[in-house]
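Colleague: fold the following for me, if possible:
(2 chains)
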Amino acid sequence: MEEDLRSLLQDLESLKGCVSDRYRIGSIDEMKQRVVSIVNLTKSGATRRSKVKDMSAEVVDSNPYSRLMALQRMGIVQNYERIRDFSVAIVGIGGVGSVAAEMLTRCGIGRLLLYDYDTVELANMNRLFFRPDQVGMTKTDAAVQTLSDINPDVVLESYSLNITTVKGFEVFMESLKRRFSQKSGQNSGVDLVLSCVDNYEARMVVNQACNELGQTWMESGVSEDAVSGHIQLLVPGETACFACAPPLVVASGVDERTLKREGVCAASLPTTMGVVAGLLVQNALKYLLKFGHVSPYLGYNSLKDFFPTMEMRPNPQCSNNACIERQKEYLQTKPARDAAAKAKLEAESSKNEGPLHMDNEWNISVVDDSEMDTLNSCGVSGALPEGLIHELPTAEKYHESLATEEKTVEDDLEELQRQLDALNAS
Amino acid sequence: MEGWDPSTKSALTQIPLLSTRAGPRDGAAWTQRLKEEYRALIAYTTMNKSHDNDWFRISAANPEGTRWSGTCWYVHNLRRYEFAIQFDIPVTYPATAPEIELPQLDGKTHKMYRGGKICLTVHFKPLWAKNCPRFGIAHALCLGLAPWLAAEVPILVDSGVLKHKDDESTSAES
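Modeller: Numbering: from 1, shown residues only, chains lettered A, B, ... in the order given. This next block holds a predicted model:
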């Protein structure tokens, strides 16, 4: 291709020599320039950088990691090169997931596991990452195509499957458990799971898998109207799991005749999705590379540029059994954690002995967080404000009474199947 | 439930409620749940037949009872429109409802997600969440699929997107 173009250039040059008309010479020069730009284009398409063995901090234009390694020199990250040891699973390669995957790829993450069952469509082009020429490819394959070009050092695994089905879930669990190197978490082969899915069912599945594996994960979401979003850190047993606080259920009693017809198609903006992906990956990097404060929850309201944060404790009555088990384990390790924290505190206090201020005119003293809790809670003592009731205990009671009632009718499963088949046949 | 029509309400009260909170990965508890699902489906089908309101056939497509398939039909202007139904029991069942699919209608209406999953978000998911684990497949058909068909089929037919199978064959012959 390049040779052809070069000979074309030579032909044009010799043609230029035969022509005397000034205007013709001008147009031949223009053609030559076009050929040169095509030659450059084909060249740029062909270069693909080779793998890099070690991350270097050398400041040269050809080093893909120089700006990242500078984080160490700036004192932000202690050991940036550790990023190559980490495996991150991204569930949902859509508007948020694909951008998060690109960010981690450019950061030089060790291994990325990508999950999605969808294909790229033209309707996705209002978001970042996917290109129109990838329409029809599975999102995971299209992502691997782009990401391996951007950074061949990253190990990419693509899983095109629906994790909410029984079969898909098995593959999902196995792929999370499979170890890539000797290190990594106790039960899991990945260091972090990022949920970038767009529906409640899939979030509940990620929650289930991570609760069972004791795997820390981060959840992300963008609202249907595309103007707000959130990220959340979930550490099984330590923070609220996704099932601990069920979404606010508003049974509005809709008449089927009044069902809105434009209800399904959600809005989306590349900006909101990009911001949420950025917040998510920033939090992930802080968590993995241990710098700064890892946000337990960060909201984003783009209309008012409001960023609420909060913390959520696990629900002791959570309906997810694996969550309850992780909560128990977390409580059991509390003494060890407390001892470690105390030792750390003592080590710090021994460093700077002596009072911070010589006089304390107003008798100001530091009160522990837990003391504050007890102080506050005696005022409330479990009583709810007017208008609120405890729904769960009554619901559970109802459940039990039904269960005892049902025990009396003990049918055979095959018999029941036969009965339904008979009804279906008639 | 204020906005629901009286016949749906009375049907709902007659479908037995379920009690076992178990999903397809819960072994013996799932078998128990499956029995309850069958009891509810048998009661609902029997009731529909006795009220001359038979509108679906459904049965487990695998021995584990994690995949279901069948048909449903809706009568509009005295003509019957029939569709294949299929759905998987999600791993997080019953915390999350089954996503009922009508593959023939995929791409024909935007009240549907990819793969022909009907949209249940507004009219059904809140009810399911509130009544977990008491609702089962029969309830999902009664409160999820039936209202969807009642809302969508007339519009699809009137707008010409959906053709009756008799019309389709004649147009193909001519």
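
Colleague: which secondary structure elements does the host helix or strand of residue A:167 contact?
Modeller: Following DSSP states H and E, one finds residue A:167 within helix A:166-177. Secondary-structure packing of helix A:166-177 (3 or more Cβ pairs under 8 Å, 6 or more residues apart in numbering or on different chains; DSSP states H and E): strand A:111-116, strand A:155-160, helix A:200-213. Placement of C-beta: from N, CA and C, glycine included.

Colleague: out of the ones you listed, which one sits most buried?
Modeller: strand A:111-116 (a mean of 26; mean count of other Cβ atoms under 10 Å in any protein chain shown).

Colleague: on that earlier part again, the helices and strands packed on helix A:166-177: which one's closest to chain B?
Modeller: helix A:200-213 (4.2 Å; Cβ to the nearest Cβ).

Colleague: and that closest one, what other elements does it pack with?
Modeller: Using 3+ Cβ pairs under 8 Å, 6+ apart, the elements in contact with helix A:200-213 are helix A:166-177, strand A:192-195, strand A:217-222, helix A:321-332.

Colleague: right, and residue A:76 touches residue A:291 too?
Modeller: Yes. With contact defined as Cβ atoms under 8 Å, residue A:76 reaches residue A:291; the gap is 5.6 Å.

Colleague: quick check: closest non-adjacent residue to residue A:5.
Modeller: Of all residues not flanking residue A:5 in the chain, residue A:39 sits nearest, at 5.0 Å (Cβ to Cβ, 6 or more residues apart in numbering or on different chains).

Colleague: what sits against that neighbour?
Modeller: For residue A:39, the contacting residues are A:2, A:5, A:6, A:9, taking Cβ atoms under 8 Å, 6 or more residues apart in numbering or on different chains as the criterion.

Colleague: which residue ranges form the strands in chain B?
Modeller: For chain B, the strands identified by DSSP state E occupy B:56-60, B:67-76, B:79-88, B:112-113, B:117-118, in order along the chain.

Colleague: for those strands, which has the smallest mean pLDDT value?
Modeller: Taking each of the strands of chain B in turn, the lowest mean pLDDT turns up on strand B:112-113, with a mean of 85.

Colleague: measure residue A:294 to chain B for me?
Modeller: Per Cβ to the nearest Cβ, to the nearest Å, residue A:294 is found 27 Å from chain B.

Colleague: in TSV: the helices and strands packed on helix A:200-213, plus mean neighbour count and mean pLDDT.
Modeller: Shown next, in TSV, are the helices and strands packed on helix A:200-213 (neighbours: other Cβ atoms under 10 Å in any protein chain shown; pLDDT from 0 to 100):
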stretch	mean neighbour count	mean pLDDT
helix A:166-177	18	95
strand A:192-195	26	98
strand A:217-222	24	96
helix A:321-332	17	95
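
Colleague: how about those in JSON lines, adding distance to residue A:108?
Modeller: Compiled in JSON lines, these are given as follows (distance: least, Cβ to Cβ, whole Å):
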{"stretch": "helix A:166-177", "distance to residue A:108": "22"}
{"stretch": "strand A:192-195", "distance to residue A:108": "15"}
{"stretch": "strand A:217-222", "distance to residue A:108": "19"}
{"stretch": "helix A:321-332", "distance to residue A:108": "31"}
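
Colleague: out of these, which gets nearest to residue A:241?
Modeller: Minimum separation from residue A:241 across the helices and strands packed on helix A:200-213 (Cβ to Cβ) falls at helix A:321-332, 4.3 Å.

Colleague: now the angle between helix A:200-213 and that closest one, please.
Modeller: Angle of helix A:321-332 versus helix A:200-213, following axes from the mean of the first three to the mean of the last three Cα atoms, to 10 degrees, is 40 degrees.

Colleague: chain center to the helix holding residue A:167, what's the gap?
Modeller: Between the mean C-alpha location of helix A:166-177 and the chain-wide mean there is a distance of 18 Å, by Cα atoms, centre = their mean, to the nearest Å.

Colleague: before we move on, the earlier item: so for residue B:48, which of the helices and strands packed on helix A:200-213 sits nearest?
Modeller: In this view, the helices and strands packed on helix A:200-213 are compared for proximity to residue B:48 by Cβ to Cβ, and helix A:166-177 is the closest at 28.9 Å.

Colleague: check what pLDDT the closest residue to residue A:77 other than its chain neighbours gets.
Modeller: Of all residues not flanking residue A:77 in the chain, residue A:71 sits nearest, at 4.4 Å (Cβ to Cβ, 6+ apart). Model confidence at residue A:71, given as pLDDT, is 94.

Colleague: is it fair to say residue A:71 lies in a helix?
Modeller: Yes. Checked against DSSP: H, G, I helix; E, B strand; the rest coil, residue A:71 lies within a helix.

Colleague: that older thread, next, the residue nearest to residue A:5: phi, psi?
Modeller: Dihedral pair for residue A:39: phi -60, psi -40, per degrees, to the nearest 10.

Colleague: quick one: pLDDT of it?
Modeller: What the model reports as pLDDT for residue A:39 is 80.

Colleague: that one and residue A:223, how far apart?
Modeller: Applying Cβ to Cβ, to the nearest Å, one obtains 48 Å for the distance of residue A:39 from residue A:223.

Colleague: and for residue A:137?
Modeller: From residue A:137 over to residue A:223 (counting by Cβ to Cβ), the distance is 28 Å.

Colleague: which ones are touching the residue nearest to residue B:162 when sequence neighbours are not counted?
Modeller: If the residues on either side of it in the chain are set aside, residue B:162 comes closest to residue B:156, at 3.8 Å by Cβ to Cβ, 6+ apart. Remark: with contacts taken as Cβ under 8 Å, 6+ apart, residue B:156 is in contact with B:105, B:108, B:109, B:162.

Colleague: the second one against residue B:163, yeah?
Modeller: Read it as residue B:108. No. In this structure, residue B:108 sits apart from residue B:163 without contact. The criterion is Cβ under 8 Å, and the distance is 10.7 Å.

Colleague: okay, now residue 94: neighbour count?
Modeller: Picking chain A for this. For residue A:94, the count of nearby residues is 20 (other Cβ atoms under 10 Å in any protein chain shown).

Colleague: should've been chain B
Modeller: 25.

Colleague: kindly report the same for residue A:364.
Modeller: Using other Cβ under 10 Å as the criterion, residue A:364 is surrounded by 7 other residues.

Colleague: Three-state assignment for it, please.
Modeller: Put simply, residue A:364 is coil when judged by three-state DSSP.

Colleague: OK, contacts around residue B:12?
Modeller: Residue B:12 makes contact with B:4, B:139, B:142, B:143, according to Cβ under 8 Å, 6+ apart.
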